[in-house]
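Asker: Here is my input, please return the structure:
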Amino acid sequence: MPSIRKTADMLLEVSNLSVTYRRGHETIEAVRDVSFALSEGETLGIVGESGSGKTQAVMAVLGLTDSNGTVAGSAKLRGEELIGLAPRQLNRIRGSRISMIFQDPMTSLNPHLRIGTQMTEVLRLHQGMKTKSAQARSIEMLELVRINDPARRIRQYPHELSGGMRQRVMIAMSLLCESDILIADEPTTALEVTVQAEILDLMRGLRERFNMAMVLITHDLGVVAGTCDRVLVMHAGRIVESGDVESIFYAPQQAYTRALLAAVPRLRP
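Answerer: Sure thing, here's the model as predicted:
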């Protein structure tokens, strides 16, 4: 098992995390004895094929596993244990200290509520802001993520925005409370290549501006190469290799990591 890299500015420390699901008489081990750490201002990439346990590991840390799931192990945010924390306490942490951009912004945004309503709710819940102040802050954040005419956009519904704009709205919502950690689950899925590049460039700039740590969950190794500082490679619920981006890409130690890299399409014959 890869060791946990500890530094003085440690934000998140996950140790021996396991997630098990019961389905009838069957037991499914989605995450197996996973350990990793995240420091301030660092971007950590978690890669692997679909079903490797990438998202499940993060969901377990946030207390978002399904009702038939059992979580074991430890996840400490600045020394505070998250595993087993009461739902009310977790709700105060999610969105304020740890924010997440989910995979599909169309299904993550409520189709029945205007963009402004969904954004101001975050600020009223976590910051105790009045509606008018929350609306002004929401417009300011939409401007920051480069959405044109934000005063008009907050009055629109999700279906009235393009895929790229919905993703920008999700990023803006995740930044409203200036969290310590931003988790992005496949943030460029289903976006065209030019929009993908814009979103990734935006996230890099915002990370530097707010000094956030980021966890990027993806199967796209190109995204990891251009964005992350360190990488975890997951397979069958386990971390099979970890290291800095350069060592993973140029000197992978595990056969599975080499197979992932070999699967990346090449332009040359």
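
Asker: Can you give me the buried ones in the longest helix seen in the chain?
Answerer: In the chain, assigned by DSSP state H, the helix with the most residues is helix 193-210. Buried residues in helix 193-210, counted by 16 or more other CB atoms under 10 Å: Val195, Gln196, Glu198, Ile199, Leu200, Leu202, Met203, Leu206, Arg207. C-beta here means a position set from N, CA and C on the backbone, and glycine is covered the same way.

Asker: Now do it, average pLDDT.
Answerer: Across helix 193-210, pLDDT averages out at 79.

Asker: And stretch 59-67, by the same measure?
Answerer: 92.

Asker: And the contacts of stretch 211-218?
Answerer: Residues from elsewhere that reach stretch 211-218 (CB atoms under 8 Å, 6 or more residues apart in numbering): 11-12, 38-47, 54-55, 58, 178-188, 203, 206-207, 223-224, 227-228.

Asker: Show me where the stretch 151-269 of the chain dips below the pLDDT cut-off.
Answerer: Within the stretch 151-269 of the chain, the segments meeting pLDDT under 70 span 190-191, 269.

Asker: tell me the secondary structure for Thr20?
Answerer: strand (DSSP: H, G, I helix; E, B strand; the rest coil).

Asker: That one - nearest residue in space that isn't next to it in sequence?
Answerer: Thr70 (4.8 Å; CB to CB, 6 or more residues apart in numbering).

Asker: And the one you found, how close does it get to Ile28?
Answerer: 11 Å (CB to CB, to the nearest Å).

Asker: quick one: common contacting residues for the two?
Answerer: Shared contacts of Thr70 and Ile28 (CB under 8 Å, 6+ apart): Thr20, Tyr21, Arg22.

Asker: Next, count neighbours for Ala263.
Answerer: 10 (other CB atoms under 10 Å).

Asker: now swap in Asn148 and tell me
Answerer: 9.

Asker: and if you look at Thr55?
Answerer: Neighbours of Thr55 using other CB under 10 Å come to 20.

Asker: So what's the gap between stretch 162-174 and the chain middle?
Answerer: Mean C-alpha position of stretch 162-174 versus that of the full chain (CA atoms, centre = their mean, to the nearest Å) differs by 14 Å.

Asker: Which residues does the helix or strand in which Glu140 is found contact?
Answerer: Counting by DSSP states H and E, the element that carries Glu140 is helix 131-144. Residues outside helix 131-144 that contact it (CB under 8 Å, 6+ apart): 116, 119-120, 123-124, 127, 129, 150-151, 153-154, 168-169, 172-173, 175-176, 206.

Asker: Stretch 167-179 now?
Answerer: 95-102, 105, 108-109, 115, 118-119, 122-123, 126-127, 137-138, 141-142, 144-147, 153, 158, 161, 182, 187-188, 191, 195, 199, 202-203, 206, 210, 212.

Asker: go on, stretch 11-23?
Answerer: Applying CB under 8 Å, 6+ apart, the contact partners of stretch 11-23 are 4, 6, 27-40, 53, 56-57, 59-61, 65-66, 68-78, 83, 180-181, 213, 237.

Asker: what does stretch 97-111 give?
Answerer: Contacts with stretch 97-111, where a contact means CB under 8 Å, 6+ apart, come from 55, 58, 61-62, 77, 94, 115, 118, 157-159, 163, 166-167, 169-171, 173-175, 177, 179-187, 189-190.
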